[in-house]
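>>> Just the structure for this:
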Amino acid sequence: MKISTLNFLLIWIVLTFCGHPFREVCIVADESIVQIRKPVAIAIVDEGRRIITANHRSGTISLLNLADQKQIREVPVGKQLSDIVTTIDPQRLLVTDEAAHQLISLKLSPTECKVEKRLAVSPYPVSVRVSADGTRAFVASLWSRTVSVVDLAAWLAEGEQSAASPIRQIRLPFAPREMVVVEVDDQRRMGIPPDQPSIKLIVADAFGSKLACIDPDSAEVLSVREIAGHAIRRMQLHPVKPQIVLTHQLLNRLGQTTFDDIHWGSLMLNGLRTLELSEVLDRKRDLLSSTVVEYIGGPDRGAGDPAGFVIKPNGFIGIALSGTDEFIIDQGQNLLFTTRLKTGNCPTAVATSPDYSTAFIVNSLSDSVTVMDLRRQKIAETISLGSRPEMTAEDRGERLFHSARLSHDSWISCASCHVNGHTNGLLNDNFTDGTFGTAKRVLSLRGVADTAPYAWSGRFPTLAGQIEHSIQSTMQGKVLTESQTDDLEAYLKTLPPVPPVGSEDKIAIRRGGELFERLDCRRCHAPPTFTSPQVADVDLKDEEGRTKFNPPSLRGVSQNGPYFHDGRAASLKDVFKQFRHQLDRDLSDEELHDLVEFLKSL
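Predicted structure coming up:
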C-alpha cells in the first residue's frame, strides 16, 4: 500500500501533536547479540550525556550515548550484575556481581568501558554506595547478611597491594539491600553534636520491615528497628530536606484475602514513606513519631509494587510501579488521582539527569529504558537495549509473577509477599486452609519445586493447584489460563533454595547433625529436601484449634524466620528453648548451640 505525501504529513501531525505515548527506539551495537539482559540498575555519567545499565541476567553493562542516540555498546563484565554507582572520579564506576561475589571497578573512556579490578566481598552482593569523599564503598550482601566497608584507596592503589585487607565486614540480623549514606554535613544540618563526626549508614531489610543504623568507623550496629511495612524496593535521602524517603508495601495481618478487603486496601497498601533523619539516627527517639506515608493508588486503581522513584527539590515526585508497568507523577493532588504513564515491563530503578529535566526508567523484564521529560511530564521514548530471543515458559512466568495485574484492581503481585521469590516473614490471612481468622506466615517459594504438598495445610498436592488458588482466592484475580499456570509453575521451579547464613564452627555442625539424627528430626524433615509429604501434629494450635501442619523445608531455614505457622518463635533457639519443638527432654546449652549451628548450615 502506497502512502501519499499528504497522508504521510497528516499522520506525522497526528502523532506529533495528539499525544502519541512514546516512540520505540532500538539502538544495538551488534545485531548478533541476542540475549535477555534484565537491567536492574542505572548510572548517569558525563554530566547526563550517557547512561549505563547493569544487567543481571547477561552479566553485561549497556552504554548509551544520549547526545546522538546512534550507538550503544554492550560490555561483558561478570555473571549477575546487581548494582552500579558513580564515584568522585568521573572515569570510574563500581559494580556488584551477585553470582561472582565481587565488587568490580570499571574505567570509562569516551569510546569504551573496561574492567579495572575485581575484589571478593561477602557472598551475594546486591547494592553498593560510595562516601561523598570517595574514600570508601559500602556493599550490602543479601544472603550472607553482611555490609562490607571497602577502603577504595587501598584497593585501587597502583602497584603492589597492601598486606592488610581493604575490607571490614559488619554482620546484620537481616538480609540487606537498600542503603543510604548519611554524611557529617547531613548530621550537622540537623544539629547532631560535633563530637560525633563519623558518617552513618542506614540499611534496609530486603524482605521485611527492619531498618538498621550502622557506624562504619567502629563497625557497630547502633540500632535495628522496624517500620510498618515490607518490600523496601528503594530508599534515598531527600534532595533538600533532612529526611529519608522510601517505597514499600504494608501487609495487614488483620486484613483478609476477600474481594472487599483487597478492593478497599484493607489487606495490602502501597506507599511512599518519609522518615525524619534525626529520628532514624537517634535510637532513643521514636522512629515513627513524625513519619508520613503517602498511599499510592486506591479502589479500582491499585498500584502494585512501587519501586524506584525521583524527588525533585521543588517537591515533584515520580514513582515507578513495577507491578503495573507504569510511572506515576504527583501533580500536587495525591498519589491516587495522579497521572500514570505506560512504561516497559517491570520498571524498577530510576535515575535523573543532573538538572532534573529527564528521568531514565529501567524496565527490567523488557530490556529497555524509558526516557521521560520531567518538565513536560511526558514519556519521550523507550530505548531497547538490544535483540532478545523468543521468551521461554520460564521467562513468561517471571513476567506473570511480577505482574500486579493478575490481582483485583492491580493491588498486589506474587512478588508483593514473595519478594525475590522469598518471604516477607509476615502473616497473611488467606483462605488456603478453608478458614479466615487464622493468619499464617508467608512461606518462601525458593526451592519449592521439590517440596510437595503445598501450603501450611498441605492441601494442594501439586504446585499448579497452589498457583491457581493463590491467584483466584488470595489475590481475587481472574481464572488463569492453562498456559499461564504452566508458565508460572515453570518460573517457580527455577528458583533455587535459599542459601544458608552459614556457620564456621564445623565441629558444632557435625555434633548438631548427629543430634538431629538422635532426636529423630528427620521423621518430618528428611534429607535431602528436609521436609516430608505428610502433615504433622506439632502441638501448637492455630485460632481454629488445628495442630497439624505441613512441615516446611529446612533448607535455608536460617533465612526464614520468624518460625512456626504464626511466627511465634523469633529465633531458632526459641524454637527449642521456649517452645521445646518435638522434644521429650530439655537440651543442654551445648546441645542447643550445636543443633542451631547445624540448622544454620542447611
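>>> Then residue 592 would be within a helix, right?
Yes - under DSSP: H, G, I helix; E, B strand; the rest coil, residue 592 sits within a helix.
>>> For it, give its distance to residue 561.
To residue 561, residue 592 is 16 Å away according to CB to CB, to the nearest Å. (Glycine included, C-beta is placed from N, CA and C.)
>>> got the buried residues for stretch 145-155?
For stretch 145-155, a neighbour-count test (16 or more other CB atoms under 10 Å) marks 145-152, 155 as buried.
>>> Next step: these restricted to helices.
The helices, defined by DSSP state H, take in 152, 155 from these.
>>> quick check, nearest of the buried residues of stretch 145-155 to residue 277?
residue 147 (19.0 Å; CB to CB).
>>> those helices in the stretch 101-250 of the chain, which residues are they?
Secondary structure of the stretch 101-250 of the chain (DSSP state H, counting those that start in this stretch): helices at 152-156, 184-189.
>>> Comparing those helices by mean pLDDT, which bottoms out?
Within the helices of the stretch 101-250 of the chain, the stretch with the lowest mean pLDDT is helix 184-189, showing a mean of 71.
>>> Could you count how many residues lie near the residue lying closest to residue 375 once chain neighbours are set aside?
Closest residue in space to residue 375, ignoring its immediate chain neighbours: residue 357 at 5.7 Å, by CB to CB, 6 or more residues apart in numbering. Residue 357: 14 surrounding residues under other CB atoms under 10 Å.
>>> Then residue 304?
If we define neighbours as other CB under 10 Å, then residue 304 has 29 of them.
>>> In contact with it, which residues?
270, 297, 321-324, 404-405, 407, 410-413, 416 (CB atoms under 8 Å, 6 or more residues apart in numbering).
>>> can you pull the pLDDT of it?
pLDDT at residue 304 comes out at 95.
>>> could you pull out the strands for the stretch 151-300 of the chain?
Taking DSSP state E, counting those that start in this stretch as the test, the strands found in the stretch 151-300 of the chain are 167-171, 176-182, 200-205, 210-215, 220-226, 230-237, 243-251, 268-276, 292-295.
>>> got the ones you listed as JSON lines, with distance to residue 371 and mean pLDDT columns?
Formatted as JSON lines, those follow (distance: least, CB to CB, whole Å; pLDDT from 0 to 100):
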{"stretch": "strand 167-171", "distance to residue 371": "37", "mean pLDDT": "95"}
{"stretch": "strand 176-182", "distance to residue 371": "24", "mean pLDDT": "97"}
{"stretch": "strand 200-205", "distance to residue 371": "28", "mean pLDDT": "97"}
{"stretch": "strand 210-215", "distance to residue 371": "33", "mean pLDDT": "96"}
{"stretch": "strand 220-226", "distance to residue 371": "37", "mean pLDDT": "95"}
{"stretch": "strand 230-237", "distance to residue 371": "19", "mean pLDDT": "96"}
{"stretch": "strand 243-251", "distance to residue 371": "21", "mean pLDDT": "96"}
{"stretch": "strand 268-276", "distance to residue 371": "23", "mean pLDDT": "94"}
{"stretch": "strand 292-295", "distance to residue 371": "26", "mean pLDDT": "90"}
